[in-house]
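Chemist: Build me a structure from this.
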Amino acid sequence: MRRLTLRAALAGLILTPVMALAHGDVAPQAVDTAGLPETGDEWLTENPYRAAAAGEDVWQKAVEIGASGYNQNCARCHGLEVISGGLAPDLRFLEAEEYGDEWFVERIRTGYTQNGVTKMPAFGELLGQDAAWAIRTYIETRPDDASMDEVSDELKGIRDQLAVLSEDPSGADSDALKARLSEIAGGIETLSGAPVADSAARRAARLIDGTPEGFRHATEALTIGLSAAH
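Modeler: Residues are numbered from 1 along each chain as shown. The predicted structure follows:
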């Protein structure tokens, strides 16, 4: 898995630098990082918000803020849910380790110019490293499509069950549903090698609280996640 990820990253980042990273006409948008631990003025070389180092709560907050920051600044070229359409490198393959972090920080801070043409502007000064690392966390936790495919049928069944419970939650076993979704989430891998995937199953499990609204939000999370996987 690690060697495959590295080869894919090299193919996307070294062999195809001439591909259009056409951020040149995109104005970077500031990202609200309230709730994240501040990382200081000196840029780090490794992601401080990775789950193992930061803890579950900080990791989850980083993913949420990173999703917003990515959609504002990166999705236009690198694709929704970080699924590239082929014109820009597929960042899901960028290793969730120091090698990948260093490349990411360099591009965020300095941008990318080819033959005098800006393909990607420098985002670092405006975003700052708190936002940059949050975006990095979101990117590296995208689930592997193949892992999602293996459990998609069961997730569809759970989604349909949750949709019914959102109308009438009587008799619902919320704990069992949360436990099964969490179990499924634990088996979903990332393409980056990050140990935890921010999958639809994981998001749905967090939203279930026994209320109709919770079941409805969990249904929506599964619907969106399953649609993105295809």
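Chemist: and this protein, what are its domains?
Modeler: Structural domains annotated on the chain: 2-140, 145-228, as defined by automatic domain parsing.
Chemist: Save these as TSV, and put in mean neighbour count and mean pLDDT too.
Modeler: Any C-beta I mention is one placed from the backbone N, CA and C, and that applies to glycine too. Formatted as TSV, these follow (neighbours: other Cβ atoms under 10 Å; pLDDT from 0 to 100):
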stretch	mean neighbour count	mean pLDDT
domain 2-140	18	82
domain 145-228	18	96
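Chemist: Identify, by residue count, the longest helix of this structure.
Modeler: helix 145-167 (DSSP state H).
Chemist: What is the subsequent helix or strand relative to it?
Modeler: Downstream of helix 145-167, the next assigned helix or strand under DSSP states H and E is helix 174-186.
Chemist: which helices and strands does that next one pack with?
Modeler: helix 145-167, helix 200-207 (3 or more Cβ pairs under 8 Å, 6 or more residues apart in numbering; DSSP states H and E).
Chemist: contacting residues for the residue nearest to the spatial centre of the chain?
Modeler: By Cα atoms, centre = their mean, the mean C-alpha position of the chain lies nearest to Tyr138, the distance being 3.1 Å. Counting by Cβ atoms under 8 Å, 6 or more residues apart in numbering, Tyr138 touches Ala62, Val63, Ile65, Gly66, Ala67, Gly69, Tyr70, Val82, Asp198.
Chemist: Glu46: which of these is nearest?
Modeler: Relative to Glu46, the closest of the contacts of Tyr138 is Ala62; by Cβ to Cβ it sits at 13.7 Å.
Chemist: so what does the helix or strand hosting that closest one touch, helix or strand wise?
Modeler: With secondary structure defined by DSSP H and E, Ala62 is part of helix 56-73. In terms of contacts (3+ Cβ pairs under 8 Å, 6+ apart), helix 56-73 is packed against helix 124-140.
Chemist: ok, back up a step: tell me how far the longest helix of the chain lies from the chain's centre.
Modeler: Counting by Cα atoms, centre = their mean, to the nearest Å, helix 145-167 is centred 20 Å from the centre of its parent chain.
Chemist: contacts for that helix?
Modeler: 172, 177, 180-181, 184, 187-189, 197, 199-201, 204, 208, 212-213, 215-216, 218-219, 222-223, 225-226, 229.
Chemist: Give me the three-state assignment for the spatially closest residue to His78 that is not a sequence neighbour.
Modeler: Among residues not flanking His78 along the chain, Ala88 sits closest, at 5.0 Å (Cβ to Cβ, 6 or more residues apart in numbering). Secondary structure for Ala88, judged by DSSP: H, G, I helix; E, B strand; the rest coil, is coil.
Chemist: was I right about Ala88 contacting Cys74?
Modeler: No. Using Cβ atoms under 8 Å, Ala88 is not in contact with Cys74, being 9.0 Å away.
Chemist: Just read off the phi/psi values of the closest residue to Ala200 other than its chain neighbours.
Modeler: Among residues not flanking Ala200 along the chain, Gly225 sits closest, at 2.2 Å (Cβ to Cβ, 6+ apart). When quoted as degrees, to the nearest 10, the phi and psi of Gly225 stand at phi -60, psi -40.
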